[in-house]
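1. what's the 3D shape of this:
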Amino acid sequence: MSNALAATLILLTLVVLALIFAVIALARQIGILHTRLAPAGALMTTSGPKLGEKITNMSIPDIHGKPVAIGATANGASAGKAQLLLFVSPTCPICKELVPTAKSMALSDNVDLIFGSDGGQAETHLQYIEKMKLQNYPYIVSLELGMRFEVGKLPYAVLIDESGALRSKGLVNSREHLESLVTAMQSGYESIQDYLVKEGHLEGGAS
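-> Have a look, this model is predicted:
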């Protein structure tokens, strides 16, 4: 009986050790996979203005009728700060989640935040502004603005640098997507993926 018990204990010990080694090996593989995955960037689109293009001659009234200058002014420069245009809709659930992130980014990255939408009842947008506490930000309801950047899906973001040049744009479905736009502008690359390829961190880049 004692021999059988001892054999059982030895077998259980071996099974436990095997499981421990399997978990360690799995954790190592997950770590390797994590390092190979590129950071998630905004989902860039090819439509609309090209990166580097100057955005000029745009002055559109916000929902209260106050004109908002977008991009380069008459003297060829913006007001000295980059502009982040976030296209949203009161009926878009993802937009609702991203608005607080955009507001936080505007403060930490020192950019002017502008909200845009392409239609709907003014009263609906005014209620949305009140609900999301956007009273201190320009809120533009304009089909022209959406068409200028060829916004097809929401939420969509556009980042224009201090000189009025388009630096990054794309669909933004998460905080990481939105932050990647500012990262792209600060790094001088078109996107995080562009940086990884050109710096040789992804296949197709320099060795």
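
2. can I get stretch 133-140 in CSV, CA atoms only?
-> Output of stretch 133-140 as CSV, limited to C-alpha atoms (Å, rounded to 0.1, in the frame of the first residue of the first chain):
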residue,chain,number,x,y,z
LYS,A,133,-19.2,68.9,-21.4
LEU,A,134,-17.8,70.3,-24.6
GLN,A,135,-18.8,73.9,-24.0
ASN,A,136,-15.2,75.1,-24.1
TYR,A,137,-14.4,73.5,-27.5
PRO,A,138,-15.4,74.6,-31.0
TYR,A,139,-18.1,72.3,-32.2
ILE,A,140,-18.8,72.5,-35.9
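
3. so the residue minimising distance to the centre of the chain, which of the three states?
-> The C-alpha lying nearest the average C-alpha coordinate of the chain belongs to residue 178 (CA atoms, centre = their mean; 1.7 Å). Three-state call for residue 178 (DSSP: H, G, I helix; E, B strand; the rest coil): helix.

4. how about the helices in this structure?
-> For the chain, applying DSSP state H gives helices covering 2-36, 93-108, 122-132, 143-148, 175-187, 192-198.

5. distance of residue 16 relative to residue 152?
-> Residue 16 sits 55 Å away from residue 152, going by CB to CB, to the nearest Å. All C-beta atoms are positioned from the backbone trio N, CA, C, and that covers glycine.

6. these two touch, right, residue 98 and residue 176?
-> No. Look at residue 98 against residue 176 with CB atoms under 8 Å: they stay out of range, at 10.9 Å.

7. these two: who's more crowded?
-> Between residue 98 and residue 176, counted using other CB atoms under 10 Å, the more crowded position is residue 98 (22 against 15).

8. contact partners for that one?
-> Residue 98 makes contacts with 86, 88, 155, 172, 174-175, 178, as judged by CB atoms under 8 Å, 6 or more residues apart in numbering.

9. model confidence for it, exactly?
-> Model confidence at residue 98, given as pLDDT, is 93.

10. these two touch, right, the residue nearest to the centre of the chain and residue 169?
-> No. Look at residue 178 against residue 169 with CB under 8 Å: they stay out of range, at 11.6 Å.

11. hang on, the earlier thing: list residues touching both of residue 98 and residue 176?
-> Joint contacts of residue 98 and residue 176 (CB under 8 Å, 6+ apart) do not exist.
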